[in-house]
Structures are given as structure tokens and as C-alpha cells.
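Enquirer: I need the structure of the sequence given here:
(chains A and B)
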There are 2 protein chains.
Amino acid sequence: MSQEIPYKIYLEENEMPKQWYNVRADMKKKPAPLLNPGTGEPMKAEELEAVFCKELVQQELDNDTAYIDIPQEIQDFYKMYRPSPLVRAYCLEKHLDTPAKIYYKFEGNNTSGSHKLNSAIAQAYYAKQQGLKGVTTETGAGQWGTALSMACAYLGLDCKVYMVKVSYEQKPFRREVMRTYGASVTPSPSMDTEVGKRILEAHPGTTGSLGCAISEAVEVATTNEGYRYVLGSVLNQVLLHQSVIGLESKAAMDKYGIKPDVIIGCAGGGSNLGGLISPFMGEKLRGEADYQFIAVEPASCPSFTRGKYLYDFCDTGMICPLAKMYTLGSGFIPSANHAGGLRFHGMSSILSELYDQGLMEARAVEQTEVFAAAEEFARVEGILPAPESSHAIKVAMDEALKCKETGEEKTILFGLTGTGYFDMVAYEKFHDGEMSDYIPTDEDLQKGFDGIPSIPGIQ
Amino acid sequence: MSQEIPYKIYLEENEMPKQWYNVRADMKKKPAPLLNPGTGEPMKAEELEAVFCKELVQQELDNDTAYIDIPQEIQDFYKMYRPSPLVRAYCLEKHLDTPAKIYYKFEGNNTSGSHKLNSAIAQAYYAKQQGLKGVTTETGAGQWGTALSMACAYLGLDCKVYMVKVSYEQKPFRREVMRTYGASVTPSPSMDTEVGKRILEAHPGTTGSLGCAISEAVEVATTNEGYRYVLGSVLNQVLLHQSVIGLESKAAMDKYGIKPDVIIGCAGGGSNLGGLISPFMGEKLRGEADYQFIAVEPASCPSFTRGKYLYDFCDTGMICPLAKMYTLGSGFIPSANHAGGLRFHGMSSILSELYDQGLMEARAVEQTEVFAAAEEFARVEGILPAPESSHAIKVAMDEALKCKETGEEKTILFGLTGTGYFDMVAYEKFHDGEMSDYIPTDEDLQKGFDGIPSIPGIQ
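Expert: Reported below is the predicted structural model:
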């Protein structure tokens, strides 16, 4: 293993994963099932199929199959923008003067600007297979909506996106990218849906939330013939598709005999973090190796670090199934000064369960320190990171600086989920000293917790 | 050579070029030298060194050395974002139903969003070596300014950018990217310089031009201690640095036994086209192989197809040396509806000479057809192309469709210089049907030609 590590490790096309890895198969205690909010009973496949595509429902419910074949058409699509590079951050290491070895898996080299395309193409593919006309979805920072637009354009599906109003306004050009790919984009909450009208009546002037946009997209999917709803994060199926990130990372590291000590990812709903850590977590669960996992979330939306592990709605309109997860309550909306994504009130059930079992840590960071880390990173590594990704950068830099103090030569791997090209309004605020931090008070959080349903016999 | 061609060919790090290729060495008739506008004599190194860095002046004047070593520090920087992928456009081929094989060299996977970084790091490196405080430059679409900001941030140099006013207004977020990398950005023409004041007085309300921004940047460089001027296109040194594009393309193609029949690039000042074709043109000049080369320019700024091959100023303020080139006159400013870059009034002297010798063709295309091609490309190949790059896409698609008619299985290579993430204002106009075409009349062009100097004994 004396081989010199290149700046970027690209797998060969024939080394790319041909199967996704389902971490649930290796979990002794499985993530809690989705519940029907009416009956309190686990959701049945038939019930879920009213909202989701058939094949995706199977993937959602499958806690046992460890490896699931990636259909050839999806593999071919992946070849358009994958493998993504595993980058050795030589310049950052030098800049920090740390003995740590820093790697990042960079998912931003595609037009969606993030890892979201990995699941978008999968979900669009199964919708197409089922003979649907189109899909509906929500988007926060806009990366998921863009990714889904791209996948739908490629497959010839209609795509209706509900975009959180604050992001719609902060990111005026995201809409145009989605339009380039033929999608329709509506700021949420909107007057297009019953649930949107209800939310606007209760909270006039709201800047929206992911939970609210989800409600609208689900309503449109279930009231229009030939449509289903798709979601870019949180769900088990999404973590399954995103496992391609971790599988590629692991294959690239194995090729060069590298073993990470610490694996760090930003966490909103958990799509990137779950995908990145899955195969490594699998080894840990099977007792084959040990790793330290760190989830990084915004202090302004702290579901892991300050949320409750309970059954809750995934959406503000309370029309979705209940999921057991670390949650701030489906009514929680991050303060308007919160930039970028990572604004979902809950967290993937898989990651919530792993966190609850103590297999993973979590840290909350504030946004000005995140943007400072982003700018420092951009200047030495070239890449202009997305605000979301910069949460992971911040903690990776913190860990590397700890190594400088202790002299430890730890190997750090983090997920660089995407680029910040559509986040320049936020960068501008940061440059002009107009960016503020916000940590919700206990009272602020209590309002969200008050909305979590109490379910007889369950919680 | 029965090996299957992957979607993307990445060279290994150790296969990356260690030398740039200087096509002038293989030209029997060399490009015409820069002239001193006062004396009409070829510029001497000492004269050029008042404006440009010493080492870059050597490269500018060197018509003989075929291969020039890439300094190790630049090679290391290249490893941060290179090799760029050579992409087999399988999806586009299928979409067009053409027997042609289409390849593109994609230079957009870095934060500058284009190939400009290849020369920016080289020019910044030599400025640093010379012990300078900083550099000044102009930028049109903003890619060059961003690239230079990144290179300067990496090396710790000050960077002052004069940005063509219309681009500054159309691309509000480019400025923030440059600020992220610590550069100062001034819309041009400005009141900061004597030449800017003069131009504003003569043309109040002008939207600016590259030629005008060059004048301002040169003035600032020559009137501030420790500064030199750097340029992102047109110059011989730039084509030298950009040869890395062609060298990588050729190495990747050679590895798989691919020989292109047609090589297509967009042409503004010629930086990408010159870099892409250099090693292939070298083979043609040495009689080792033959290729068809096509330069694609906007019909609204048609220096190759409607310009004159004469000595002219590179800048509007007429303070730069004279270059022999295909030119529309240094006073030519594209109409305000012209989106994106490719707005320089002249063309690289190297490319001008090759074109004049009939070694290369040129085509002019209109911008609505360019954006239509861009959108079609984005939907099948995923990448959202820059307007500049889309000129090459348009002609590559035209050539592939010709093959469909004739049944020829031509191999087409084109340069995809960058991404359109900062061009969404133009895309929005296109989507809303508000984009127009503009072809200058002969009278319009005559105004520009009238400004070309007549030089006793030369022209």
C-alpha cells in the first residue's frame, strides 16, 4: 500500500456498483415501520401505493434484502455523471497544517449540483416502468427539484415541483434550471392545493417549509390520475439509492488500502449521510470494522441534537404516514435567516434508529461559522461548496485541527454533497456581514413538540 | 481496438501532460508579431514587460519551442480539477439517431465553470514568481475573472477585475463568486480610470465591451507599482496554456484508438478552440494526419466570417500593442441583446493565420438556435451548457445530423467549454420567448472597420 494517492480517485466504469446496499438488512433492531395515522397500524403496501410507485414501496418496506440490483437503464444514467471523484484534500491538509488525511466524496459535478440525482433517476425510472404520466415533489434548496427535473426530462415524464417559498425567492435561477428541463415550479405554500390554502390561512406570510411543500405535492399526486409522489430524502428507499455514494467511496478507498477513522456528513433528512455511511455502517453492524460517524446539522434546525425520538408526521399538513424519527414537530419552520437546505423537521428513520442505538454521533453548527469554513475551503480546494455541504466541511476541519493538537494521523472522510453556485445570495449576505445565527430557544422548540401526535398504545 | 468506449474517459494522474504544446513551432508561416503602435516595429520583450510578466512575455514571443515544461506547482494545481473528462455522447447520438460518434471534452467541472482556469493558474503563477503584488484583468461572461480570482486566492495574489457592464448586470452572482475568492470587481467602463472616463464621455450609457475593459485593466496595471496585466484569451501564451485541453483529449483518444474526423470549438478570442485543436493541428501541419477544424462564432460578433485580416488594437482605448488578426475593429461592440461571452472584436493571431491559410473553417450561428441546441443537449446529456459552449454544440449537432442523411460514421470531437449556471437570465429570456437574434448590417460593420488604423508600410 505504498502506492501514492492521487488527488482524485475515479473508479473505472466497470468498477461502479451494480447493486445498491440496504443497511437495514444488517440492523438487528430495524427502523420503526411507517404507521397509518388513522389506525395506528403499520402501513400496508397497498396503502402506500396510492402515494408512491409500486416498486419503490417494495424497496421502502424491505428490511431484509442486503443487495438490490440497479436496473441497467439506471446504471447507464449513472455513467453520465458518475463515478464521482473521491478527492484527497492535499491543499486543505497543507493549509490546516494537520497530520490528518482528509478525503471527500464530491457529488457536485452534475447539473443538479448535488447527490440528489442518484435517487431522482431511480424514482423516475420506476414511475416510468409503472406507466405513469408524471411525478410530483417538493424541493427546499432546489437541488432535489433540479435533479428530479433532469431525470424526468431524460425519461419523458411530467414533473411538478413545489418549492419552499423562501428558497424560491433566494434562488431565482433554480426555477430556470428546472424549466430548462421542462418542469413546472410552484412556490409553496400555494393557493393551488387545499392544504396550501389552509396553511396560508393559518400562517399568512409564511416563508414555507419542506413539511408544507410535501403536503402540497402529495395532495397533487393523489388527486391527479397517473401521478405519484416522490421524495428526495428521509425515506428508506432514498437511503438505499444513495448507498451508491458510500459504495463508490469504499471501493475507491479499498483500491488504495485506505481505511477512514471518522466519517462525516451533513444531515437534513439524511439522504447524503445515510448513503455515504451505509456500507461502512454495515461493516460496523456486522462487527467487521469500527468507524466513528458524525452527523452535522444546523443549530437552527437541530432534529438530532435537540429533537425527540417519536412518531410524527413527515408533512405539515398531516396527510402523510407517521414515521418514527428524531423530530422537531411537523409544524417546526426554521427562522427566515436560515440559508440553504437542511431545513426538514425530522430525520430518516434508519439514521434515527442508528443514532438512538449510539452507533452515530451528531453535532449542531451555526451558519456564520459554516460559511466561514466554506470560504476557507473554496480558496484552497477550488470548489465552491453548497451551504449544506459546508456543515460537513466545518466539522471535518474541526476534527483535522484536533489532530494537529494531538498529533494523531487520523483519516477523515466527509461527504461534499454539492456546489453553491445557486447560493450566492447567502454568500453575499455573509460577505456583507449581514448573515446572522439563530438558535431556537427551548420555548421555540416546545411549540413544535406540542404538535407531535400522541398515539394510544404507541406514544 | 475492440475495447468498449466508456461514457467518460479520464486519464490517470500520471498520464496528464507535463508540457504544453506550442503550435507556432510547427507553423511554416508564423503568426504576425505584435507591433508597437507608435513605431510600427515589432514589440520587444522589454516593451511588453511593462504590461505583462517577464516569463509570459518569453512565452508570447517564442515561435520555435514546441514543448514547454509545465512547472510542478501548476501541475499540482491542475490535479485539483483535471484531468477533465472526454465524454462519449452516447445519449445525444441516440437522441439524434445518427451514425456519427460524438465526443466532447468537458471543461466545466470547476468553480470558474470553464477552461479559463488552465491559463489563469499559469499566469498567476508567473506573476507570483516575479514577486508581484497582484494582477489586473478584464472579464466578459465572468468565467475568466472567476478563474483568475481562484488562481490568485490559491497563490495569495491581489486580483482586480474589470467586468463588461452588461455581463456585470446580467450575472449578478458572478461578482459574489469572485468576492468569495477575494477579488475586487468593477463594472466597465468605470470612472476609476482615465480611459474609462474617456469612453463614458464619448459613449454615455454604453453597456461596455471586452476591448474597453481591457483598456481599463491595462491602465491600472501600468500605473500601479507591483501589478501586471493578464488576459484570458487571444494571446499566444493563452493558447499555449490551453493546449492542455487538446493534449488531454488526444491522449484519451489515442488510449482507445479513436481518431476524430471533425474538431469543433466555439471561438471568441480563441482560447478554447486554440487549445483544443493545437496538438491535432500540429499533426496536420507536420503532414502526419488530417482533420477538419470548425470554429463557431456568434452571428452577432462575426470576426472570422465577416471580419478583416489586418493589424488592429486589441482594446478600445488603443493603448495596447497592435495584433494582426481577423477583426471587426476595436470600436465594435456587440448589440445589447447578445448574451454570454464570445464578444471580442478580434481573434487570436495564431488562429487568424491558420484560418487565413485555409487550415480551418468558420461558421456563424444565431443565438436563439444556439439556446435551442443548448436545451436539447441539456435534456439528453444532463449538463447545462454555457451559451458560449453551446455554439459548438449547435454545429456538432448539425454535423451529426448531416451524417444521418449521408450515412457517414464520422467521429466528431467538440469542446464543451463550460456550464451555464450563471447564465440563467439568458435562459429565462429564451424560455419566455424574449430572446432575439441580431446580425449586424454591412453598415454596422463598416463603422467598426473605419476605426482600424492604417499603418504606413504595413497596411
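Enquirer: CA atoms for contacts and neighbours, from now on please.
Expert: Noted.
Enquirer: Show me what counts as buried in the worst-scoring helix or strand of chain A on mean pLDDT.
Expert: Ranking every helix and strand in chain A by mean pLDDT, DSSP states H and E puts helix A:165-170 at the bottom, with a mean of 85. Within helix A:165-170, the residues scored as buried using 16 or more other C-alpha atoms under 10 Å in any protein chain shown are A:165-168, A:170.
Enquirer: what's that helix in contact with?
Expert: The contact list for helix A:165-170 (C-alpha atoms under 8 Å, 6 or more residues apart in numbering or on different chains) reads A:140-142, A:174-175, A:187-189, A:207-209, A:336, A:340, A:423, A:425-426.
Enquirer: Mind checking which of those are buried?
Expert: Going by neighbour count (16+ other C-alpha under 10 Å), the contacts of helix A:165-170 have A:140-142, A:174-175, A:187-189, A:207-209, A:340, A:423, A:425-426 buried.
Enquirer: same for chain B: which of these are within range?
Expert: Restricting the buried ones among the contacts of helix A:165-170 to those touching chain B (C-alpha under 8 Å from any C-alpha of the partner chain) yields residue A:425.
Enquirer: Could you list which of the buried ones among the contacts of helix A:165-170 belong to helices?
Expert: Counting by DSSP state H, the members of these that fall within helices are A:174-175, A:425-426.
Enquirer: Not counting its neighbours along the chain, what's nearest the residue of the stretch 1-150 of chain A found nearest chain B?
Expert: Residue of the stretch 1-150 of chain A nearest chain B, by C-alpha to the nearest C-alpha: residue A:111 (5.6 Å). Residue nearest to residue A:111 in three dimensions, not counting chain neighbours: residue B:383, with 5.6 Å by C-alpha to C-alpha, 6 or more residues apart in numbering or on different chains.
Enquirer: My read is that that neighbour contacts residue A:110, right?
Expert: Yes. The pair residue B:383 / residue A:110 is scored as a contact, 6.6 Å apart, by C-alpha atoms under 8 Å.
Enquirer: For the residue positioned nearest the centre of chain A, give me its contacts.
Expert: For chain A, residue A:271 is the residue whose C-alpha lies nearest the centre (C-alpha atoms, centre = their mean; 3.1 Å). Shown in contact with residue A:271 (C-alpha under 8 Å, 6+ apart): A:232-234, A:238-239, A:242, A:348.
Enquirer: hmm, 10 Å instead?
Expert: Applying C-alpha atoms under 10 Å, 6 or more residues apart in numbering or on different chains to residue A:271 gives the contacts A:115-116, A:119, A:232-243, A:265, A:347-348, A:351, A:417.
Enquirer: Show the model's pLDDT score for residue A:1.
Expert: Note on residue A:1: pLDDT of 41.
Enquirer: With the one 3 residues further on instead?
Expert: If you check residue A:4, the pLDDT there is 89.
Enquirer: correct me, but it touches residue A:255?
Expert: No. Using C-alpha atoms under 10 Å, residue A:4 makes no contact with residue A:255, being 11.7 Å away.
Enquirer: the more surrounded of these two?
Expert: residue A:255 (12 against 7; other C-alpha atoms under 10 Å in any protein chain shown).
Enquirer: May I have the distance across stretch A:283-297, first residue to last?
Expert: With C-alpha to C-alpha, to the nearest Å applied, stretch A:283-297 spans 24 Å between its terminal residues.
Enquirer: And the average pLDDT for that stretch is what?
Expert: For stretch A:283-297, mean pLDDT rounds to 98.
Enquirer: picking up where we left off before, farthest-apart pair in the ones in helices among the buried ones among the contacts of helix A:165-170, please.
Expert: Largest separation among those by C-alpha to C-alpha: A:175 and A:426, giving 17.0 Å.
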